[in-house]
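Asks: predicted model and sequence below, questions to follow.
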Amino acid sequence: MLKEGTAAPDFTAKNTKGETVRLKDLRGQKVVLYFYPKDDTPGCTKEACSFRDTFSAFKKRGIEVLGVSVDSEASHQKFTAKYKLPFTLLTDTDHSIADAYGTYGEKKFMGRTYLGVKRMTFLIDEKGKIKKVFAKVKPEEHAQEVLDAF
């Protein structure tokens, strides 16, 4: 797992509009990079809506919020529209970003073991360094916890 104080791995991904987003292009800004398992599922919806509901506070402080999952661009578009999400969702269908951040791996749910994205968040400072890692996330409270950490 990546540690606080290390350089955040750069990445290139598509957003819901098909535009290319590069982490290196966001240097000079604070970035919340949150990984979540799947669009429009109970925990992921709670987490996304908590970021939505506090988004104006992030924006006021100049903090970019990026959500990442292995879902397709079309899935992200539906999720964004359904819940009126004002921040950027990135498509990571080959889980290369999740791999770079150590968030893709073995998970257990209801006695079943499978591979997937672990719910984790990275706070990245203006210089591209990881300021904080949230390895355990409570979806409903997470956005405020992240805001308080910046």
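Replies: Nice, thanks for sending it over.
Asks: now the helix or strand of the chain with the lowest mean pLDDT: buried residues?
Replies: Least confident helix or strand, the chain: strand 104-109 with a mean of 84, by mean pLDDT, DSSP states H and E. Neighbour-count burial for strand 104-109 flags Tyr104 (criterion: 16 or more other C-beta atoms under 10 Å). Yep, even glycine has a C-beta here, placed from its N, CA and C like the rest.
Asks: off-centre distance for it?
Replies: 17 Å (C-alpha atoms, centre = their mean, to the nearest Å).
Asks: for that strand, packing partners?
Replies: strand 112-117 (3 or more C-beta pairs under 8 Å, 6 or more residues apart in numbering; DSSP states H and E).
Asks: what's the strand it packs on packed up against?
Replies: Partner elements for strand 112-117 (3+ C-beta pairs under 8 Å, 6+ apart): strand 104-109.
Asks: what lies in contact with the strand it packs on?
Replies: Here strand 104-109 makes contact (C-beta atoms under 8 Å, 6 or more residues apart in numbering) with 37, 70, 95, 98, 113-118.
Asks: now stretch 70-82
Replies: Against stretch 70-82 from outside (C-beta under 8 Å, 6+ apart): 14-16, 18, 38-40, 48, 69, 85, 89-95, 98, 104, 116-117.
Asks: check which residues of that stretch are buried.
Replies: 70-71, 75-77, 79-80.
Asks: Arg52: which of these is nearest?
Replies: Using C-beta to C-beta, Thr80 comes nearest to Arg52 of those, at 9.7 Å.
Asks: in what helix or strand does the closest one lie?
Replies: In this structure, Thr80 sits in helix 73-83 according to DSSP states H and E.
Asks: between the buried residues of stretch 70-82, which sits nearest Pro9?
Replies: Nearest to Pro9 among the buried residues of stretch 70-82 is Val70, at 16.6 Å by C-beta to C-beta.
Asks: may I have the least confident helix or strand of the chain exported as CSV, CA atoms only?
Replies: Extracted C-alpha coordinates of strand 104-109, given in CSV (Å, rounded to 0.1, in the frame of the first residue of the first chain):
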residue,chain,number,x,y,z
TYR,A,104,-7.5,-3.8,-6.4
GLY,A,105,-7.3,-7.2,-4.9
GLU,A,106,-8.9,-10.1,-3.1
LYS,A,107,-12.1,-9.2,-1.3
LYS,A,108,-14.5,-11.3,0.8
PHE,A,109,-18.3,-10.8,1.0
